[in-house]
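Engineer: Here is my input, please return the structure:
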Amino acid sequence: MTTTTYHFDAQEAFQHIETQLLHWAAAVGAEQFVVGISGGKDSAVVAALLARIFGTKHVLGAMLPNGTQRDIRDARDIVNHLGIRSLEVNINPCIEALLSELIPRYHISTACRINLPARLRMAALFAIAQCERNAFVINTSNLSEDIVGYATQFGDNAGCYAPIQSLTVTEVKALGDWMGLPAHIVHKTPADGLQQCSDEERLGFSYAELDQLIRLNKGSTEFKAKVQQLYRKNKFKQDIVQMPHPLFPFPNFVAST
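Structural biologist: Residues are numbered from 1 along each chain as shown. Prediction:
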């Protein structure tokens with residue numbers, strides 16, 4: 001891919017996703033789709049895609065707060081905006097019960113405390129799906145976050161199908177805007193909700209900068225090296241769910257390392 005050929009068209013992306021998602025759903029017999037609604041852009045866009053393609057009655061948005069969630073209103077806003085089915089289940093008692101069993105045996109690491117809620121949310125989503133008829137959990141990961149490792153293995157990067165995993169953060173936002181999703185959700189500052197800073201503050205660069213590197217190979221040698229290092233370190237987390245054929249080739253600067 002050369003820098004002069006890159007162009008993102010949200011309508012074209014939607015049609016591409018629709019074609020492949022319909023094919024996959026028919027192949028596996030999927031009739032209902034369960035999405036964890038976090039209140040952020042990724043889950044909002046995925047839920048909107050499913051609602052447009054299959055109809056609102058076939059989409060279940062599960063809100064899974066860990067105790068008190070600061071942006072739970074955004075999650076409620078999106079399910080109301082889309083008109084999809086929804087339920088809210090607080091996973092905090094489950095987390096505390098598991099930690100209480102581990103604490104006598106281990107010092108609970110920061111990594112454990114950060115990743116455990118994401119993994120228990122995924123367990124909850126699959127439990128909900130198996131209580132529905134022919135229901136499948138749909139992944140909400142995007143390409144930018146996957147490249148730098150901002151996903152919990154068998155947590156938020158798990159699922160049965162990943163419709164936006166080949167799209168960058170910038171492209172996910174464009175798709176959300178094209179579908180008419182609320183701007184305060186599509187363009188909110190990305191954060192995992194588990195720590196006291198944003199994703200970009202932790203990374204030390206913006207997703208806009210990262211996406212320029214991914215699609216246009218723009219960025220300093222030092223920046224490219226930093227992203228390559230993050231990708232190599234976190235590559236093991238990828239390729240655990242089926243994703244559609246990407247709209248664009250996988251970034252050469254990453255794939256060649």
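Engineer: Give me the helix or strand of the chain that scores worst on average pLDDT.
Structural biologist: Of all regular secondary-structure elements in the chain, judged by mean pLDDT, DSSP states H and E, the least confident is helix 252-255 with a mean of 60.
Engineer: how about the helices in this structure?
Structural biologist: Residue ranges of the helices in the chain, as given by DSSP state H, are 10-28, 41-54, 72-82, 92-102, 110-129, 143-147, 169-178, 183-186, 199-203, 207-216, 221-234, 252-255.
Engineer: which one of those lies closest to residue 157?
Structural biologist: helix 143-147 (7.1 Å; CB to CB). Quick note: C-beta positions are derived from backbone N, CA and C, even for glycine.
Engineer: Return the distance of the closest one from the chain's centre.
Structural biologist: Chain-centre distance of helix 143-147: 9 Å, with CA atoms, centre = their mean, to the nearest Å.
Engineer: could I have it exported to PDB, CA atoms only?
Structural biologist: Taking Å, rounded to 0.1, in the frame of the first residue of the first chain, the C-alpha atoms of helix 143-147 are listed here in PDB:
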ATOM      1  CA  LEU A 143      -6.800  -2.300  15.000                       C
ATOM      2  CA  SER A 144      -5.000   0.600  16.700                       C
ATOM      3  CA  GLU A 145      -5.500  -0.800  20.200                       C
ATOM      4  CA  ASP A 146      -4.500  -4.300  19.000                       C
ATOM      5  CA  ILE A 147      -1.200  -3.100  17.500                       C
END
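Engineer: what's next to it, contact-wise?
Structural biologist: 151, 157, 165-170, 199, 207, 210-211, 214, 227, 230-231, 234, 237-238, 246, 251, 254 (CB atoms under 8 Å, 6 or more residues apart in numbering).
Engineer: ditto for stretch 122-140
Structural biologist: Counting by CB under 8 Å, 6+ apart, 25, 28-36, 38, 42-43, 45-46, 50, 60, 62, 64, 87, 89, 91, 94, 154-165, 241, 243 sit against stretch 122-140.
Engineer: ends of that stretch, how far apart?
Structural biologist: 11 Å (CA to CA, to the nearest Å).
Engineer: Would you mind listing the buried residues in stretch 98-116?
Structural biologist: Within stretch 98-116, the residues scored as buried using 16 or more other CB atoms under 10 Å are 115-116.
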